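Enquirer: have a look; sequence and predicted model below, questions after that.
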Amino acid sequence: MKKLAIILLSTFLFLPRTVDSTERDGELSEAQKETFSNSTATQLLYFTDVPETPRLAVASMTYSDLELTSESSMLPKETLLDVETILTNSKGVKVFQLADGTYIEASRNLIFDDSIISSESIDETRWLKNSSSLYSAPYTYGVAKQANTLSAGDKLHLVEKAVTYYGTYYKLENGGWISEEDTSTTDTRMLKVQALLNSKYNKSNYSIYVKQLTTQSIAGINMDQNMYAASVAKLATLYVTQEKINTGELSYSQKWTYIDAVNHFNGSYDPSGSGKLNKEADNKDYSVDELLQLTAKHSDNVAANMLGYYAANQFDSSFYQTVRTIAGQSWDMTGRQLSAHSAGNLMEAIYYQNGRIIDYLSQTDFDTERISKNIPVKVAHKIGDAYDYKHDVAIVYTDSPFILSIFTDKASYDDISQIADDIYNILK
């Protein structure tokens, strides 16, 4: 806008004009001065009235004459001017006459109105982006800062909005004003989650990944560090089975026979591990829905093997390609070396499938421990246990659902619960 005004002003100044013989060289007639003063360019470049609180934007020279030819003194930036009146000199330039008898060009490039330009009542929620200053009033020069206990990720209830030369400011419900630049219309609580992880859980035996699904914001500690994943790897089998149901390739009612081969292919689980099905093949038929429930609710090794054998085609290349794309890393069904991040990605994909396995993962044998132990909202989760490794990967259904994936080495179930509780208390 200022560039446009300069062009317009320059055009006006250099237009050819007829000079009356009574005019001195360089001066404008009264009619020309009036035309110049009322032009759009002049309105943009110069004050036409005395501002409420005129202050210097830059160090500026004052003059002893209205024509601004005889220098008086240099005033420093941010000087508050005591203006008596506004005048127009012989060249049509707007000039402030100061109380000490000196003059200064009334240019908006030199001077700004250091007052509240506009204000209005609002009822708005924003979020704090980072640590910021809190002011006693909308910021103008010299406004004092207040004691400030705000931190990044805080939810802000705003009740008033004001605009000054320095920007837009919001009044908090509990008092104090904050710059718009320090706020966000998008939920920033994940900044608090990251600060928590950095300060309390930055340990080499933890791999933690958190993702808020509405904002897609991520926080984590060692989130790409691989650990032995144990039964967490079953998430891939659950996902692929549910996807084939969603696309019509499989149905919940379809049945498969429990034959010996389901426990003896590359990547199958030891049938003697967790679960309710017979550890040896019984040649009975089981529906896809039964196998999904057994795998999700009870972490049944044989049921997971049957899904892997029939639905995932014994973990063929198509299975691995599909899962790798979603997980963001090679999904290892044999060595089962995975990260909290990749497991979180699989759980997020399951969230978007919105199939029956969500309900089954919300009603497991393990709901009274780990992530879901103390959290009062719906939690769909898959645990993994082996040796010193204890893990849990969950969807936590707050108003803004989030993925929480916690892998640990030589930690307890209560350690996992404490991590989950701390994160939930921020994102609930």
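Expert: Here it is on my side, so go on. Residues are numbered from 1 along each chain as shown.
Enquirer: for stretch 365-381, measure first residue to last.
Expert: 11 Å (CA to CA, to the nearest Å).
Enquirer: list of residues touching it?
Expert: For stretch 365-381, contacts defined as CB atoms under 8 Å, 6 or more residues apart in numbering pick out 297-299, 347, 350-351, 358-359, 361-362, 364, 383, 390, 392-398, 404, 406, 413, 416-417, 420-421, 424, 428. Where you see a C-beta, it was placed from the backbone N, CA and C, and this is true even at glycine.
Enquirer: other SSEs contacting the host helix or strand of residue 325?
Expert: According to DSSP states H and E, residue 325 maps onto helix 317-327. Other elements packing on helix 317-327 under the criterion 3 or more CB pairs under 8 Å, 6 or more residues apart in numbering; DSSP states H and E are helix 234-246, helix 340-353.
Enquirer: and the helix or strand that comes right after the shortest one, which strands flank it?
Expert: This means helix 234-246. The first helix or strand that comes after helix 234-246 along the chain, using DSSP H and E, is strand 255-257. Paired strands of strand 255-257, with direction, are strand 285-287 (antiparallel) (DSSP bridges).
Enquirer: now the partner strand: mean pLDDT?
Expert: Averaging pLDDT along strand 285-287 yields 98.
Enquirer: ok, stretch 44-60 next?
Expert: 95.
Enquirer: quick one: that stretch to chain centroid distance?
Expert: 38 Å (CA atoms, centre = their mean, to the nearest Å).
Enquirer: buried set for that stretch?
Expert: Buried positions in stretch 44-60, judged by neighbour count with 16 or more other CB atoms under 10 Å: 45-47, 51, 54-56, 60.
Enquirer: likewise for stretch 398-408?
Expert: Here stretch 398-408 shows 398, 401-408 as buried, counting by 16+ other CB under 10 Å.
Enquirer: which residues does the nearest residue to residue 110 once chain neighbours are set aside contact?
Expert: Excluding the flanking residues, the one nearest residue 110 by CB to CB, 6 or more residues apart in numbering is residue 60, at 4.8 Å. Residue 60 makes contacts with 74-75, 104-105, 110-111, as judged by CB under 8 Å, 6+ apart.
Enquirer: buried only: go through the residues you listed for me.
Expert: Buried among the contacts of residue 60 (16+ other CB under 10 Å): 75, 104-105, 110-111.
Enquirer: please flag which of the residues you listed sit within helices.
Expert: Among these, the subset assigned to helices under DSSP state H is empty.
Enquirer: next one: the nearest residue to residue 76 once chain neighbours are set aside from residue 233, what distance?
Expert: Leaving aside its chain neighbours, residue 76 sits nearest to residue 59 (5.3 Å; criterion: CB to CB, 6+ apart). Look at residue 59 and residue 233: by CB to CB, to the nearest Å, they are 68 Å apart.
Enquirer: got it, and residue 280?
Expert: In terms of CB to CB, residue 280 sits 23 Å off from residue 233.
Enquirer: just for the stretch 151-300 of the chain, where's the confidence low?
Expert: By pLDDT under 70, the stretch 151-300 of the chain has no low-scoring segment.
Enquirer: need the strands for it, in chain order.
Expert: Per DSSP state E, counting those that start in this stretch, the stretch 151-300 of the chain carries strands over the ranges 155-164, 167-172, 177-179, 183-184, 206-212, 217-221, 226-228, 255-257, 285-287.
Enquirer: could I get those strands in CSV, plus columns for mean neighbour count and distance to residue 146?
Expert: CSV is the format used below for the strands of the stretch 151-300 of the chain (neighbours: other CB atoms under 10 Å; distance: least, CB to CB, whole Å):
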stretch, mean neighbour count, distance to residue 146
strand 155-164, 17, 14
strand 167-172, 19, 10
strand 177-179, 21, 8
strand 183-184, 20, 16
strand 206-212, 25, 30
strand 217-221, 20, 29
strand 226-228, 21, 47
strand 255-257, 15, 68
strand 285-287, 15, 65
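Enquirer: those strands into TSV, with extra columns for distance to residue 197?
Expert: Listed next are the strands of the stretch 151-300 of the chain as TSV, based on distance: least, CB to CB, whole Å:
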stretch	distance to residue 197
strand 155-164	20
strand 167-172	27
strand 177-179	26
strand 183-184	20
strand 206-212	6
strand 217-221	5
strand 226-228	17
strand 255-257	42
strand 285-287	41
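Enquirer: of those, which approaches residue 337 most closely?
Expert: Among the strands of the stretch 151-300 of the chain, strand 226-228 comes nearest to residue 337, with 4.4 Å by CB to CB.
Enquirer: who does that closest one pair up with?
Expert: When DSSP bridges is applied, strand 226-228 pairs with strand 337-339 (antiparallel).
Enquirer: distance between the strand it pairs with and the chain's centre?
Expert: That offset, for strand 337-339, works out to 27 Å (CA atoms, centre = their mean).
Enquirer: got the buried residues for that strand?
Expert: In strand 337-339, counting by 16+ other CB under 10 Å, buried: 338-339.
Enquirer: switch to numbering from 848
Expert: Got it, first residue is 848 now, which makes that one strand 1184-1186.
Enquirer: give me the buried subset of the contacts of stretch 1212-1228.
Expert: 1144-1146, 1194, 1197-1198, 1205, 1208-1209, 1211, 1230, 1237, 1239-1245, 1251, 1253, 1260, 1263-1264, 1267, 1271.
Enquirer: how about the residue nearest in space to the middle of the chain: what's its closest non-neighbour residue?
Expert: Residue closest to the mean C-alpha point of the chain, counted by CA atoms, centre = their mean, is residue 1035 at 4.7 Å. In space, and not counting its chain neighbours, residue 1035 is closest to residue 974: 4.0 Å by CB to CB, 6+ apart.
Enquirer: and if you look at residue 1210?
Expert: residue 1144 (6.0 Å).
Enquirer: and the buried ones among the contacts of stretch 1212-1228, which of them are in strands?
Expert: Among the buried ones among the contacts of stretch 1212-1228, the members found in strands (DSSP state E) are 1230, 1237, 1239-1243, 1251, 1253.
Enquirer: the closest residue in space to residue 998 that isn't next to it in sequence and residue 1185, how far apart?
Expert: Nearest non-adjacent residue to residue 998, counting by CB to CB, 6+ apart: residue 978, 6.2 Å away. Per CB to CB, residue 978 is found 36 Å from residue 1185.
Enquirer: and residue 1253, bridged to which residues?
Expert: residue 1055, residue 1239.
Enquirer: OK, contacts around it?
Expert: Applying CB under 8 Å, 6+ apart to residue 1253 gives the contacts 1053-1055, 1187, 1217-1218, 1238-1240, 1263, 1266-1267.
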